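Participant: curious how this folds, go ahead:
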Amino acid sequence: MSDNTATSISNQLDAINDYEREPVPASKVKGFKDFLALVASEHIAGTEFVIGPLFVLHGATASDVILGLLVGNILATLSWTLICAPLAVKTRLTLFYQLERISGYKLVSIFNGISGIQACVFAAFMAVVSAGAISLVLGLETPSFSQMLPSGITWVVLVTVLVALITVIAIQGIDLVSKFATISTPWMPWVFLASGIATLPQLGVHSFSDFWTVANTTIWTGTPVEGMSKYNFWHIMFFAWLCNTAMHIGLADTFIYRYAKKSYYGIASFGGMFIGHFMAWIASGILCAAALQAGISDPTPGQVAGIGAGIAGIICVVIAGWTTANPTLYRAGLAIQGIFPSTKRWKITAWLGLAAALMASFPGIVSKLDNLLAWFALIAAPVGAIVVLEVYVFKKLNLETDYSHHRNGKMNWAVAATWIISVTLCYLIYLGLELDFFFFMAIPGWFIAAIVYLFLCKLRQMKQPKNIIKDSL
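Facilitator: Residues are numbered from 1 along each chain as shown. Reported below is the predicted structural model:
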């Protein structure tokens with residue numbers, strides 16, 4: 001590549017404006033179809049072939065799974081529709097810049113760093129899932145999720161190529177991420193559905209009336225495999241609702257919905273929740289049961305998909321991982337760009353792509369994704385509560401908004417204290433009640449943060465001169 005060509009590409013990327021530090025203008029908003037494709041593509045992921053089998057392995061019953069997923073995914077859809085999307089449309093700002101105005105650069109940089117790392121790890125996990133499916137087709141050695149070191153140079157090259165493709169999409173901004181989702185999403189749900197249905201006869205389902213009996217005796221038996229804790233309705237309901245806490249009540253998906261033409265576009269999350277989660281988790285649970293019946297004790301996503309849909313299923317895993325990683329890496333770039341506002345987002349995203357490729361080379365690094373998501377849910381929930389109060393409640397109570405913005409970037413100690421108190425109390429509650437599922441703590445964390453932040457800001461304002469308060473409102 002010549003220097004002139006490289007310079008031209010760099011200039012074109014520099015010219016992309018994703019409004020990282022300003023409201024999205026009305027001329028750039030997108031229609032409902034774009035959001036339906038984008039949200040569905042992010043939640044029809046290769047990880048569905050990991051999560052669905054968890055309910056089988058943890059001994060949930062069929063009724064636990066069906067009802068838990070139904071209620072949990074309805075609550076998740078409502079969280080996007082009633083909280084995240086309306087706030088994003090009202091402000092047209094990313095969570096990261098909104099929080100900077102409230103808390104100050106130093107404090108938001110901590111949250112941005114955690115958010116960026118979490119998103120980068122998740123993108124790396126998607127690459128691991130997709131690479132595992134490709135390796136299965138090519139007959140290559142595939143490292144297990146618990147394996148810390150790469151299985152060889154071929155694996156490193158494979159995940160690097162996959163992450164490079166993801167990065168190429170992510171650095172070009174929301175427009176290309178959305179277009180890629182629109183093209184790739186429509187056919188994937190049918191592969192999930194078809195593979196689950198095709199596998200049922202192997203498990204003894206030959207008529208509709210057979211399904212419920214087989215579901216309870218062969219698929220979701222109510223008996224966990226050795227070494228696994230038991231899941232019930234509450235585990236599944238809270239997992240379905242809160243596995244995406246950071247995105248909905250934590251408001252990270254304001255980065256998507258700030259482009260929405262209407263606030264009700266949050267209902268587009270229904271496609272992700274009931275196709276990407278409800279249907280796909282049930283289908284992959286059926287496939288996992290078939291894999292266990294075939295003697296595969298620890299099936300990979302590629303093996304699970306291949307049992308039901310052969311090559312088409314494996315291709316689905318690869319594409320699903322890609323379409324999920326695109327917006328994830330884009331979100332990571334937005335988060336870290338908030339720490340380095342003078343650096344172009346695409347350059348930061350490119351560096352994060354390199355970091356994701358490095359992490360994906362060592363599968364053991366990303367193998368504890370469920371624990372990472374649970375902790376990040378607890379960290380993100382208080383942030384969502386703080387921003388919701390600032391946008392919807394404070395002016396009605398005549399409380400000051402955007403504290404740091406009105407004080408030349410001064411750190412908002414009330415945010416720091418709220419964050420620490422909320423996370424600490426929730427962790428102590430978790431230990432004190434001896435709960436076995438950390439996802440339970442995100443909801444109390446949100447409400448504790450809301451109460452604490454409201455109290456601290458009211459207390460602070462009582463001690464401030466009236467003229468400062470008036471000028472800041």
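
Participant: any idea of the mean pLDDT for stretch 135-150?
Facilitator: Stretch 135-150 shows a mean pLDDT of 72.

Participant: could you tell me the end-to-end distance of it?
Facilitator: End-to-end distance of stretch 135-150 (Cα to Cα, to the nearest Å): 13 Å.

Participant: give me the phi and psi for E22.
Facilitator: Backbone torsions of E22, given as degrees, to the nearest 10, read phi -160, psi 160.

Participant: nope, G321 is what I was after
Facilitator: phi -60, psi -40.

Participant: how about V29?
Facilitator: phi -70, psi 160.

Participant: surely it touches A260?
Facilitator: Yes. Using Cβ atoms under 8 Å, V29 is in contact with A260, at 6.5 Å. (Each C-beta comes from the backbone N, C-alpha and C, glycine too.)

Participant: between these two, which has more neighbouring residues?
Facilitator: Between V29 and A260, A260 has the larger neighbour count (other Cβ atoms under 10 Å), namely 24 against 16.

Participant: enumerate every residue touching P382.
Facilitator: By Cβ atoms under 8 Å, 6 or more residues apart in numbering, the residues touching P382 are 418-419, 422-423, 445-446, 448-449, 453.

Participant: 6 Å - rerun?
Facilitator: Residues near P382 by Cβ atoms under 6 Å, 6 or more residues apart in numbering: 418-419, 422, 445, 449.

Participant: closest to T349 out of those?
Facilitator: W419 (26.5 Å; Cβ to Cβ).

Participant: quick one: mean pLDDT over stretch 210-218.
Facilitator: The pLDDT scores in stretch 210-218 average 92.

Participant: list the buried ones in stretch 173-191?
Facilitator: Neighbour-count burial for stretch 173-191 flags 173-174, 176-178, 180-182, 184-185, 188-189, 191 (criterion: 16 or more other Cβ atoms under 10 Å).

Participant: tell me which element K230 is part of?
Facilitator: Under the criterion DSSP states H and E, no helix or strand holds K230.

Participant: that one and G285, how far apart?
Facilitator: Distance, K230 to G285, by Cβ to Cβ, to the nearest Å: 16 Å.

Participant: just A62 next, same as before
Facilitator: Taking Cβ to Cβ, one finds A62 at 9 Å from G285.

Participant: who's more crowded, those two?
Facilitator: The neighbour comparison of A62 against G285 (other Cβ under 10 Å) goes to G285, with 28 against 21.

Participant: grab the nearest non-local neighbour of the more buried one.
Facilitator: G52 (4.4 Å; Cβ to Cβ, 6 or more residues apart in numbering).

Participant: ok, back up a step: how about the buried residues of stretch 173-191 in TSV, adding pLDDT and secondary structure?
Facilitator: TSV is the format used below for the buried residues of stretch 173-191 (pLDDT from 0 to 100; DSSP: H, G, I helix; E, B strand; the rest coil):
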residue	pLDDT	secondary structure
G173	80	coil
I174	75	helix
L176	79	helix
V177	79	helix
S178	75	helix
F180	75	helix
A181	72	helix
T182	72	helix
S184	70	helix
T185	66	coil
M188	71	helix
P189	72	helix
V191	74	helix
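
Participant: so which residue is dead centre in the chain?
Facilitator: N244 (5.2 Å; Cα atoms, centre = their mean).

Participant: what is the neighbour count of the closest residue to that residue other than its chain neighbours?
Facilitator: Of all residues beyond its chain neighbours, the one nearest N244 is A76 (6.2 Å), with distances taken as Cβ to Cβ, 6+ apart. Neighbour count for A76, taken as other Cβ under 10 Å: 26.

Participant: equivalent analysis for S404, please.
Facilitator: 21.

Participant: would you agree it is in contact with W413?
Facilitator: No. The criterion here is Cβ atoms under 6 Å, and S404 misses it with W413 at 10.4 Å.

Participant: which residues of this protein fall in strands?
Facilitator: Using DSSP state E, no strands are found in the chain.

Participant: hmm, back to that, ok, the residue nearest to the centre of the chain to W80 distance?
Facilitator: 8 Å.

Participant: and what of E226?
Facilitator: For E226 relative to W80 (Cβ to Cβ), the value is 38 Å.

Participant: out of the two, which sits in the busier spot?
Facilitator: Ranked by neighbour count (other Cβ under 10 Å), E226 and W80 place W80 first, with 27 against 5.

Participant: got the contact list for that one?
Facilitator: W80 neighbours (Cβ under 6 Å, 6+ apart): 248, 266, 269.

Participant: check the gap between the last one and F32 for me.
Facilitator: In other words, S269. Relative to F32, and taking Cβ to Cβ, S269 is found at 12 Å.

Participant: now swap in the first one and tell me
Facilitator: H248 sits 18 Å away from F32 when distances are taken as Cβ to Cβ.

Participant: between these two, which has more neighbouring residues?
Facilitator: H248 (26 against 14).

Participant: the more buried one against T77, yeah?
Facilitator: No. Judged on Cβ under 6 Å, H248 makes no contact with T77 at a distance of 8.8 Å.

Participant: can you add pLDDT and distance to V24 and give the contacts of W80 back as CSV?
Facilitator: Conversion of the contacts of W80 to CSV gives the following (pLDDT from 0 to 100; distance: Cβ to Cβ, whole Å):
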residue, pLDDT, distance to V24
H248, 93, 19
G266, 93, 16
S269, 91, 19
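
Participant: for L87, what are its contacts?
Facilitator: Contacts of L87 (Cβ under 6 Å, 6+ apart): V391.

Participant: what's the spacing between it and D253?
Facilitator: In terms of Cβ to Cβ, L87 sits 10 Å off from D253.

Participant: same check on L78?
Facilitator: 14 Å.

Participant: the two: who's more crowded?
Facilitator: For L78 versus D253, neighbours defined as other Cβ under 10 Å are more numerous around D253 (24 against 17).
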